[in-house]
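**Q** I need the structure of the sequence given here:
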Amino acid sequence: MNEFGMRELDVVVIGAGQAGLSAAYHLRRAGLEPDRDFVVLDHAPRPGGAWQFRWPSLTYGKVHGMHALPGMELTGADDSRPSSEVIGEYFDAYERRFGLRVHRPVEVSAVREGKAGRLLVETSEGTYTPRALISATGTWDRPFWPRYPGQDTFRGRQLHTANYPGPEEFAGRRVVVVGGGASGTQHLMEIAGAAAATYWVTRRPPVFREGPFGEVQGRAAVAMVEERVRRGLPPQSVVSVTGLPLNDAVRRAREDGVLDRLPMFERITPDGVAWADGRTVDADVILWATGFRAAVDHLAPLKLREPGGGIRVEDTRAVRDARVHLVGYGPSASTIGANRAGRAAVRSIMRLLNSTGDAGGADNVVSDDDWVDGVPA
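**A** Residues are numbered from 1 along each chain as shown. Model (predicted):
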């Protein structure tokens with residue numbers, strides 16, 4: 001701690017979801033020690049990242065593409081259990097196995113320019129002054145709510161995926177689901193069995209993907225998202241450019257008319273929604289499955305945003321400040337992408353720290369040979 005009561009260390013990691021834990025794992029592999037050389041801060045009340053807030057009906061068996069954290073597989077999971085429980089327990093075990101010592105709940109209010117090349121990270125537990133920062137804050141805290149004329153007059157209930165409670169609360173209700181992504185289709189298929197009526201509204205016709213989704217298609221999708229980030233535009237999710245997988249459950253829902261899509265309405269009325277051609281639908285609930293935006297407001301004092309509204313990133317480094325790395329952002333906003341981004345960020349940070357001679361006593365970069373079975377050798 002310096003003379004001003006600020007704690008000096010090498011790296012601050014903000015967020016303990018997939019991306020943050022991956023980064024913390026690789027920091028340990030590089031020889032840095034938790035609470036001495038780096039710290040992981042998380043605002044959530046318990047382990048699990050954003051998964052801990054998922055709705056109970058999203059069981060582990062319904063999760064698409066959950067990739068294990070580096071160094072420790074998730075084995076023996078019960079597909080019928082809520083994903084929030086399964087993944088929360090897995091993340092908890094992971095933190096304990098690798099001694100990551102996550103500080104929680106801790107709110108990070110701002111990251112500012114400090115002195116002598118350091119950053120100032122202002123938090124609810126005090127101020128840190130690191131040489132480098134890994135922002136792994138994801139998107140869950142910034143649900144996107146579109147605005148439409150008449151929205152404030154609606155007498156029913158409006159919800160977002162972020163606070164979706166599961167299908168039981170929609171029993172006997174007339175529900176408009178807005179959004180053409182995976183969450184919207186999942187909500188619809190669940191709610192249809194309980195609701196009096198459901199209506200699916202999207203801005204664009206949904207694209208259903210048949211057949212396997214292999215490495216070539218995956219690389220192409222990531223490249224599309226990555227290009228936006230390189231141009232300084234707000235990132236799209238990887239899922240938004242892959243289309244919706246046409247599995248057996250989706251096929252049945254289409255055959256049953258559950259996924260009959262309506263174009264976007266023009267306005268919201270006190271009793272429902274209305275289109276420009278005069279059509280109206282009465283509704284008790286509007287469920288906005290309209291996605292999320294990157295939670296990066298804490299970085300605002302550093303002025304990293306480009307004119308296009310996003311933060312331009314090369315690999316994981318913010319172009320405007322090479323000390324700042326964003327993982328789980330844009331092309332790395334998937335479980336496997338977050339793992340790779342965590343490793344890439346630490347490689348870059350270790351080069352930075354070693355070049356200044358301030359790497360907490362470590363003089364290496366991430367290698368594959370210094371740990372045995374995921375435990376320091």
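**Q** what residue of this structure is the furthest out?
**A** Among residues of the chain, the one most distant from the C-alpha centroid is Gly278; the distance is 38.5 Å, by Cα atoms, centre = their mean.
**Q** pLDDT at that residue, what is it?
**A** For Gly278, the model assigns a pLDDT of 96.
**Q** assign it to helix, strand or coil.
**A** coil (DSSP: H, G, I helix; E, B strand; the rest coil).
**Q** can you list the weak-confidence ranges in the chain?
**A** 1-5, 64-65, 211-230, 235-243, 331-336, 357-377 (pLDDT under 70).
**Q** just the helices in it please.
**A** Assigned by DSSP state H, the helices in the chain fall at 18-29, 83-97, 182-191, 215-230, 248-255, 335-356.
**Q** can you list those helices in TSV and add distance to Val296 and mean neighbour count?
**A** Any C-beta I mention is one placed from the backbone N, CA and C, and that applies to glycine too. As requested, these are exported to TSV (distance: least, Cβ to Cβ, whole Å; neighbours: other Cβ atoms under 10 Å):
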stretch	distance to Val296	mean neighbour count
helix 18-29	13	28
helix 83-97	22	19
helix 182-191	21	22
helix 215-230	12	15
helix 248-255	33	13
helix 335-356	15	21
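**Q** tell me which of the ones you listed sits nearest to Thr123.
**A** helix 18-29 (14.5 Å; Cβ to Cβ).
**Q** gap between the closest one and the chain center?
**A** Put simply, helix 18-29 sits 16 Å off its chain's centre (Cα atoms, centre = their mean, to the nearest Å).
**Q** try stretch 57-76
**A** 15 Å.
**Q** export that stretch to CSV, keeping only CA atoms.
**A** Taking Å, rounded to 0.1, in the frame of the first residue of the first chain, the C-alpha atoms of stretch 57-76 are listed here in CSV:
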residue,chain,number,x,y,z
SER,A,57,-35.9,-23.7,-16.0
LEU,A,58,-32.6,-23.4,-18.0
THR,A,59,-31.3,-26.7,-17.0
TYR,A,60,-27.7,-27.8,-17.7
GLY,A,61,-28.9,-30.1,-20.5
LYS,A,62,-30.3,-27.1,-22.4
VAL,A,63,-27.1,-25.1,-22.3
HIS,A,64,-25.4,-24.8,-25.7
GLY,A,65,-21.7,-25.0,-26.0
MET,A,66,-20.5,-24.7,-22.4
HIS,A,67,-16.7,-25.0,-22.6
ALA,A,68,-14.7,-26.1,-19.5
LEU,A,69,-12.4,-23.6,-17.8
PRO,A,70,-8.7,-24.2,-18.4
GLY,A,71,-7.1,-26.9,-16.3
MET,A,72,-10.3,-28.4,-14.9
GLU,A,73,-13.1,-30.2,-16.7
LEU,A,74,-16.7,-30.1,-15.6
THR,A,75,-17.6,-33.8,-15.2
GLY,A,76,-20.6,-35.8,-14.0
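**Q** may I see the buried residues of it?
**A** Applying a neighbour-count criterion of 16 or more other Cβ atoms under 10 Å, one finds 57-60, 63, 66, 69-72, 74 buried in stretch 57-76.
**Q** same question, stretch 199-208
**A** Here stretch 199-208 shows 199-202, 206 as buried, counting by 16+ other Cβ under 10 Å.
**Q** farthest pair within the residues you listed?
**A** Tyr199 and Pro206 (14.1 Å).
**Q** what bridges to Leu41?
**A** Note on Leu41: beta-bridge partners by DSSP bridges are Ile14, His103.
**Q** my bad, Val281
**A** Judged by DSSP bridges, the bridge partners of Val281 are Val273.
**Q** contacts only, for it.
**A** 174, 176, 199, 265, 272-274 (Cβ atoms under 8 Å, 6 or more residues apart in numbering).
**Q** ditto for Trp140
**A** 50, 53, 162, 292, 295.
**Q** list buried residues within those residues.
**A** Of those, these count as buried by 16+ other Cβ under 10 Å: 50, 162, 292, 295.
**Q** out of the buried residues of stretch 199-208, who's nearest Thr127?
**A** Thr202 (44.9 Å).
**Q** residues in a beta bridge with the closest one, which ones?
**A** Applying DSSP bridges, one finds that Thr202 bridges with Pro263.
**Q** and for stretch 15-25, what's in contact with it?
**A** Contacts for stretch 15-25 (Cβ under 8 Å, 6+ apart): 13-14, 34, 38, 40-42, 44, 47, 49-51, 67, 69-71, 91, 94-95, 98, 100, 102, 104, 134-138, 325, 327-328, 332, 335, 338-339, 341-343, 345-346.
**Q** no no, stretch 154-164
**A** 53, 55, 140, 143, 145, 151, 165, 179, 183, 187, 268-272, 283-292.
**Q** rerun that using 6 Å as the cut-off
**A** Identification of contacts with stretch 154-164 by Cβ atoms under 6 Å, 6 or more residues apart in numbering yields 55, 143, 183, 268, 270, 283-289.
**Q** okay, and which of those residues map to strands?
**A** Counting by DSSP state E, the contacts of stretch 154-164 place 268, 285-288 in strands.
**Q** just the residues you listed now: which is nearest Leu299?
**A** Nearest to Leu299 among those, with distances taken as Cβ to Cβ, is Trp288, at 25.9 Å.
**Q** from Trp51, how far off is the residue nearest in space to the middle of the chain?
**A** What sits nearest the mean C-alpha location of the chain, by Cα atoms, centre = their mean, is Gly138, with 3.4 Å. Look at Gly138 and Trp51: by Cβ to Cβ, to the nearest Å, they are 10 Å apart.
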